[in-house]
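Participant: Mind folding the following:
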Amino acid sequence: MTGWLRRNRWGLLVVPIAAAALVAGNAQRLHDYWWVKELRVVGASGQQGSWVHYSEPFSDALGASRLAVDLEVVDVRTVGSISDPIRGEVKVDTDGAMAYAVKLRFRADPKTVLIGCRMALLDAAGNRYDFDHQALGVAQDLYPCLQDGAEGYGNSIRVDTPRAYVDGPRPATWTTRPVVIVPAGVRITEVRLWWDDPGPRYCRVSVTPAG
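Facilitator: Sure, this is the predicted structure:
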């Protein structure tokens, strides 16, 4: 046994170092793939049918700025199909999936950058169902908080370059109706919206679906 220890003493010395590196690597992956992507900070909260003010800082090539928007979840209800501008009404397979349409109202300064918003629905168990603008192959508006063709200003990507329209000017008030696909039988209790992809700040609104 003493001979085996002598022959392998350098390898044994490396084991603690390798173990520490493994732990550090896993911790880094935990930070990269969970901590920074988890919605952890409630920036604002409210109830369906009431206006909620949400704001958060952001920065681009022009420096520090602030996103500020008022939003209202008007209605959340199940729908049997999703409207596609080319394919028309695309039916949802109700045997294995169902669709929730969320009617949202917004108001904000037309110069406020709102590009990049995300939305998710949650059920009572905390399961999250993210909005996908290409779900079922249907072409919904890219962002759940904006209308295609009226997205307003985007971030400045070069120093001293002003913010410019991404896809047309945005009015001071507007409405969207994104649709989210969920497993059949799921009942939604919360709508979440966030802009700083992938978080951690978000706005949450408690809802009672109509059907």
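Participant: CA only for contacts and neighbour counts going forward, please
Facilitator: Will do.
Participant: any idea how far the most centrally placed residue in the chain is from residue 146?
Facilitator: Nearest to the geometric centre of the chain sits residue 118, at 3.1 Å (C-alpha atoms, centre = their mean). In this view, residue 118 and residue 146 are 10 Å apart by C-alpha to C-alpha, to the nearest Å.
Participant: What distance do you get for the residue nearest to the centre of the chain to residue 92?
Facilitator: 22 Å.
Participant: do residue 86 as well
Facilitator: Taking C-alpha to C-alpha, one finds residue 86 at 17 Å from residue 92.
Participant: quick one: which of the two has more around it?
Facilitator: residue 92 (16 against 8; other C-alpha atoms under 10 Å).
Participant: what pLDDT does that one get?
Facilitator: pLDDT, residue 92: 85.
Participant: Was I right to think it contacts residue 83?
Facilitator: No: using C-alpha atoms under 8 Å, residue 92 is not in contact with residue 83, being 10.7 Å away.
Participant: just to revisit the earlier point, could you tell me which residues make contact with the residue nearest to the centre of the chain?
Facilitator: Applying C-alpha atoms under 8 Å, 6 or more residues apart in numbering, we find residue 118 in contact with 130-131, 143-145, 193-195, 197.
Participant: at 6 Å what do you get?
Facilitator: Applying C-alpha atoms under 6 Å, 6 or more residues apart in numbering to residue 118 gives the contacts 193-194.
Participant: On the strand side of things, show who it bridges to.
Facilitator: residue 194 (DSSP bridges).
Participant: cool, residue 53 as well?
Facilitator: Here residue 53, judged by DSSP bridges, has bridge partners residue 70.
Participant: if I look at it, how far off is residue 45?
Facilitator: 9 Å.
Participant: And for residue 66?
Facilitator: Taking C-alpha to C-alpha, one finds residue 66 at 18 Å from residue 45.
Participant: These two: which is more packed in?
Facilitator: residue 45 (16 against 11).
Participant: pretty sure the more buried one is touching residue 202, no?
Facilitator: No: in this structure, residue 45 is not within contact of residue 202 by C-alpha atoms under 6 Å, at 8.7 Å.
Participant: for the closest residue to residue 89 other than its chain neighbours, helix, strand, or coil?
Facilitator: Closest residue to residue 89 apart from its sequence neighbours, by C-alpha to C-alpha, 6 or more residues apart in numbering: residue 83 at 4.5 Å. For residue 83, the assignment made with DSSP: H, G, I helix; E, B strand; the rest coil gives strand.
Participant: can you pull the contacts of residue 121?
Facilitator: Residues near residue 121 by C-alpha under 6 Å, 6+ apart: 128-129, 190-191.
Participant: For stretch 132-148, buried residues please.
Facilitator: 132-133, 138-148 (16 or more other C-alpha atoms under 10 Å).
Participant: Sorry, wrong one. I was asking about stretch 67-83.
Facilitator: In terms of neighbour count (16+ other C-alpha under 10 Å), stretch 67-83 has its buried residues at 67-69, 71-79, 81-82.
Participant: ok, back up a step: roughly how far does the residue nearest to residue 89 sit from residue 177?
Facilitator: Counting by C-alpha to C-alpha - residue 83 and residue 177 are separated by 11 Å.
Participant: related to what we said a few turns ago, measure the residue nearest to residue 89 to residue 120 for me?
Facilitator: Distance from residue 83 to residue 120, by C-alpha to C-alpha: 19 Å.
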